[in-house]
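K.L.:
what shape does this take:
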Amino acid sequence: MNRIYFDNAATTALDPDVLSAMMPYLTEKFGNPSSIYSYGRETKMAIEVARKSVAKILNVNPGEIFFTSGGTESSNTALTAAIRDLGCRHIITSHIEHHATLHTVEYLEQTGQATLSYVQLTDKGHVDLHHLEELLAGSKERSVVTLMHANNEIGNLLKIKAVGELCEKYNAIFHSDTVQTVGHYPFDLKKLPVHFINGASHKFHGPKGIGILYVNENIKIKPYINGGAQERNMRAGTENLYGIVGFAKALELATERYEQDSAYIKELKAYMTARLTETFPGILLNGDTLGSSLYTVVNVSFPLTDRSDMLLFNLDMAGICVSGGSACTSGASSVSHVIKTIYNGKVSDHVPIRFSFSRHNTKAEIDFVIEKLKELV
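P.N.:
As a prediction, the model looks like this:
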């Protein structure tokens with residue numbers, strides 16, 4: 001049975017060209033980048049070439065890019081540093097952040113390192129910028145604002161520049177989880193008022209287990225992981241050499257293909273949204289699907305019935321890969337915290353499904369999924 005993969009917000013297929021770029025560093029170019037002989041020098045050079053490539057695409061200095069194990073480590077590093085090194089004692093976030101952020105800020109609050117405030121959301125699930133300013137203006141201590149650029153479940157896009165400007169106005173540190181947007185949108189970080197962003201290459205056809213943390217050159221932080229001098233004394237541990245090479249290659253390819261791929265995937269999203277709403281009049285579109293939203297994600301809720309109760313399971317049995325929320329919470333039986341938040345907890349009568357697309361998907365696949373949904377719902 002051929003599978004239909006509509007969960008690209010969870011992870012994407014590795015691009016063959018990315019694998020080709022990685023292969024030499026999985027085979028003959030195996031030296032430790034910290035070694036002084038030729039094997040080590042050539043791998044160290046590969047890392048720095050990759051760093052320069054990533055920095056050029058994001059329009060930053062290479063010294064502002066640090067390679068990590070992924071978005072979760074990057075978010076933890078940024079938020080811990082904001083409290084420990086940058087004098088922040090107040091955290092402002094939202095209830096619909098990724099758990100990599102939410103669990104980190106909850107820990108920082110529970111251990112007495114900072115107070116925690118949640119910004120209100122609009123009826124479409126967007127951050128209320130007026131309330132954000134109220135929280136910033138009313139804070140007696142320096143704040144760190146952590147708000148994701150694009151929500152991984154419902155796709156809502158943050159007005160990242162406007163948030164950054166508010167943070168500048170109130171001398172706050174700004175971290176944005178950009179895991180769903182790096183590799184999917186162009187970035188010019190020289191023009192964006194942000195102190196930290198993060199990325200993970202497996203969201204744009206690169207390898208898993210490799211990410212970046214951008215640290216604005218105007219701030220100085222200490223390492224989150226200690227024990228070695230790698231990453232210019234900022235992240236101890238032998239570098240994920242082939243992952244780093246793969247990250248840079250995947251970002252290069254994503255940048256080259258942005259116009260073509262984004263236009264194609266936008267068409268898929270529009271087609272899927274139209275087919276769903278015309279075929280199933282009782283569904284809810286979760287978030288700002290037709291407005292300021294990721295072009296890769298459609299999140300809908302089907303009315304709860306005896307048949308739709310097992311919808312995810314039955315789609316999987318039909319060879320259709322989708323999710324009910326974040327991949328990081330798959331296997332949990334409860335409704336996602338994002339869906340609960342945007343509906344104020346009133347979610348017992350609907351079944352949310354997230355469809356997320358890549359350039360490998362087709363309208364024919366969408367048609368097949370719609371027909372299968374007709375049978376199941």
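
K.L.:
every contact and neighbour count from this point should use C-alpha atoms.
P.N.:
Fine.

K.L.:
Ser323 and Leu311: what is the separation?
P.N.:
When distance is defined by CA to CA, to the nearest Å, Ser323 is 10 Å away from Leu311.

K.L.:
who has more neighbours out of those two?
P.N.:
Neighbours were counted for Ser323 and for Leu311 using other CA atoms under 10 Å; Ser323 has more, 26 against 21.

K.L.:
re earlier: which residues are common contacts for Ser323 and Leu311?
P.N.:
Applying CA atoms under 8 Å, 6 or more residues apart in numbering, one finds that no residue jointly contacts Ser323 and Leu311.

K.L.:
just checking, what packs against the helix or strand harbouring Ser176?
P.N.:
Assigned by DSSP states H and E, Ser176 belongs to strand 173-177. Helices and strands touching strand 173-177, by 3 or more CA pairs under 8 Å, 6 or more residues apart in numbering; DSSP states H and E, are helix 71-84, strand 143-146, helix 160-169, strand 196-200.

K.L.:
save those as JSON lines, and put in distance to Phe30 and mean neighbour count too.
P.N.:
Shown next, in JSON lines, are the helices and strands packed on strand 173-177 (distance: least, CA to CA, whole Å; neighbours: other CA atoms under 10 Å):
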{"stretch": "helix 71-84", "distance to Phe30": "25", "mean neighbour count": "22"}
{"stretch": "strand 143-146", "distance to Phe30": "38", "mean neighbour count": "28"}
{"stretch": "helix 160-169", "distance to Phe30": "40", "mean neighbour count": "17"}
{"stretch": "strand 196-200", "distance to Phe30": "23", "mean neighbour count": "28"}
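
K.L.:
out of the ones you listed, which is closest to Pro281?
P.N.:
Closest of the helices and strands packed on strand 173-177 to Pro281 is helix 160-169, at 33.6 Å (criterion: CA to CA).

K.L.:
so which elements touch that closest one?
P.N.:
With contacts taken as 3+ CA pairs under 8 Å, 6+ apart, helix 160-169 sits against helix 129-138, strand 173-177.

K.L.:
dump it to CSV, restricted to CA.
P.N.:
The C-alpha coordinates for helix 160-169 follow below in CSV (Å, rounded to 0.1, in the frame of the first residue of the first chain):
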residue,chain,number,x,y,z
ILE,A,160,7.3,39.3,14.3
LYS,A,161,8.6,42.7,13.3
ALA,A,162,5.9,44.5,15.3
VAL,A,163,6.7,42.3,18.3
GLY,A,164,10.4,43.1,18.0
GLU,A,165,9.7,46.8,17.8
LEU,A,166,7.6,46.6,21.0
CYS,A,167,10.5,44.7,22.7
GLU,A,168,12.9,47.4,21.6
LYS,A,169,10.6,50.1,23.0
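
K.L.:
re earlier: got CSV for the helices and strands packed on strand 173-177, with mean pLDDT and distance to Pro24 too?
P.N.:
Below are the helices and strands packed on strand 173-177 laid out as CSV (pLDDT from 0 to 100; distance: least, CA to CA, whole Å):
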stretch, mean pLDDT, distance to Pro24
helix 71-84, 98, 26
strand 143-146, 98, 38
helix 160-169, 98, 38
strand 196-200, 98, 22
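
K.L.:
which of these sits closest to Thr27?
P.N.:
Thr27 lies closest, by CA to CA, to one member of the helices and strands packed on strand 173-177: strand 196-200, at 23.6 Å.

K.L.:
all helices for the stretch 101-250 of the chain, in order.
P.N.:
Applying DSSP state H, counting those that start in this stretch to the stretch 101-250 of the chain gives helices spanning 129-138, 160-169, 230-233, 241-256.

K.L.:
now render those as a markdown table, adding distance to Gly345.
P.N.:
Output for the helices of the stretch 101-250 of the chain, formatted as a markdown table (distance: least, CA to CA, whole Å):
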| stretch | distance to Gly345 |
| --- | --- |
| helix 129-138 | 21 |
| helix 160-169 | 27 |
| helix 230-233 | 43 |
| helix 241-256 | 37 |
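
K.L.:
for the residue nearest in space to the middle of the chain, give me its contacts.
P.N.:
With distances taken as CA atoms, centre = their mean, the chain has Val179 as the residue nearest its mean C-alpha position (2.4 Å). Applying CA under 8 Å, 6+ apart to Val179 gives the contacts Gly71, Asn198, Gly199, Ala200, Lys203.

K.L.:
farthest-separated two in the residues you listed?
P.N.:
Within the contacts of Val179, Asn198 and Lys203 form the most distant pair, 11.9 Å apart (CA to CA).

K.L.:
quick one: low-confidence ranges for this structure?
P.N.:
The model of the chain has pLDDT under 70 over residues 1, 325-334, 347.

K.L.:
mind listing the strands for it?
P.N.:
Secondary structure of the chain (DSSP state E): strands at 4-5, 65-68, 90-93, 115-118, 143-146, 173-177, 196-200, 211-215, 284-285, 297-303, 320-321, 350-356.

K.L.:
and of these, who's closest to Glu231?
P.N.:
strand 65-68 (6.4 Å).

K.L.:
got a list of contacts for that closest one?
P.N.:
For strand 65-68, the surrounding residues in contact (CA under 8 Å, 6+ apart) are 51, 54-55, 74, 210-215, 231, 234-235, 244.

K.L.:
buried ones among those residues?
P.N.:
By neighbour count, with 16 or more other CA atoms under 10 Å, the contacts of strand 65-68 hold 51, 54-55, 74, 210-215, 231, 234-235, 244 as buried.

K.L.:
and which of those residues is nearest to Ala100?
P.N.:
Ser74 (9.2 Å).
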